[in-house]
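[1] Fold the following.
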Amino acid sequence: MKVQQKPIILLDRDGVINQDSKDYVKSVEEWIPLAGSIKAIAALSNAGFKIYVVTNQSGISRGYYSEETLAAMHQKMSDLVAAEGGQIDGIEYCPHGPDDACHCRKPKSGMIEAIEKSLGMDFTEQPAIMVGDSLRDLQAGQARGCAPVLVLTGNGRETQYKNIDFHFDIYTDLAAFAIATLHKYS
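    Predicted coordinates for the structure are as follows:
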């Protein structure tokens, strides 16, 4: 029996890994993981999946927090995953606002393309999964050939009712996605 190649897993951050806020997550103290998300990332990492975070962070361009504060939030996230025995292989973030006409802000695929370049891969030819809670996450993944996955945390409950013209899988949260993925590729 041929073992399936494990896909690269791309995760949105706010609303998928940690609690989201309409007022933005602006400090390390406000960065609070969702129940089960840290253990889910660690379990996937321990099973040999490469995990990358792909996150819009327009709060930087809006002046709500600095890149140093964002780095501290990401260090907290990485440290929590490491404490569970896993690792996050990379983090790409877009610091731009919605009107900055950048190539990286989701639904554009620049952050995903940067990961592809760093890995020497093309996700239209190699398996990858983009997990998010908003339409723009799914669109960015779809644009680069990733299998789009919606979680119902964060904005996911509202997103599931949008008119989306491509297939995507739905899970209640990151932990449910991890369980199904670990089962599928075991």
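
[2] mind listing what residue 55 touches?
    Contact partners of residue 55, counting by Cβ atoms under 8 Å, 6 or more residues apart in numbering, are 12-14, 91-94, 111. (Glycine included, C-beta is placed from N, CA and C.)

[3] no, scratch that, I was asking about residue 115
    Neighbouring residues of residue 115 by Cβ under 8 Å, 6+ apart: 8, 10, 52, 54, 90, 92.

[4] Check residue 132 too.
    Counting by Cβ under 8 Å, 6+ apart, residue 132 touches 11-12, 15-16, 106, 138, 140-141, 148-151.

[5] any idea how far residue 75 is from residue 171?
    Distance check for residue 75 against residue 171: by Cβ to Cβ, to the nearest Å, it reads 27 Å.

[6] Apologies, that question was intended for residue 121.
    Taking Cβ to Cβ as the criterion, residue 121 is separated from residue 171 by 24 Å.

[7] Settle it for me: which of the two has more neighbours?
    Neighbour count, other Cβ atoms under 10 Å: between residue 121 and residue 171, residue 171 has more, with 19 against 15.

[8] Would you confirm that the more buried one contacts residue 151?
    Yes. Look at residue 171 against residue 151 with Cβ atoms under 8 Å: they come within range, at 5.4 Å.

[9] Identify the contacts common to the two.
    Between them, residue 171 and residue 151 have residue 177 as joint contacts when contacts are counted by Cβ under 8 Å, 6+ apart.

[10] Could I get the full set of helices for this structure?
    Listed in chain order, the helices found in the chain under DSSP state H are 37-46, 67-83, 110-119, 135-143, 156-159, 174-184.

[11] just for the chain, where's the confidence low?
    Counting by pLDDT under 70, the chain shows low-confidence ranges at 1-4.

[12] Work out which residue lies at the spatial centre of it.
    residue 11 (1.5 Å; Cα atoms, centre = their mean).

[13] quick one: it and residue 174 touch, right?
    Yes. Counting by Cβ under 8 Å, residue 11 sits close enough to residue 174 to count as a contact (7.3 Å).

[14] Find residues that contact each of those two.
    Shared contacts of residue 11 and residue 174, counting by Cβ under 8 Å, 6+ apart, come down to 17, 41, 131.

[15] The last one against residue 9, yeah?
    The one in question is residue 131. Yes. Under the criterion of Cβ under 8 Å, residue 131 is in contact with residue 9, at a separation of 6.8 Å.

[16] higher neighbour count, the two?
    The neighbour count for residue 131 versus residue 9, taken as other Cβ under 10 Å, is higher for residue 131 (28 against 25).

[17] Go through the helices of the chain and name the closest to residue 167.
    The minimum distance between residue 167 and the helices of the chain falls on helix 135-143, with 9.2 Å, by Cβ to Cβ.
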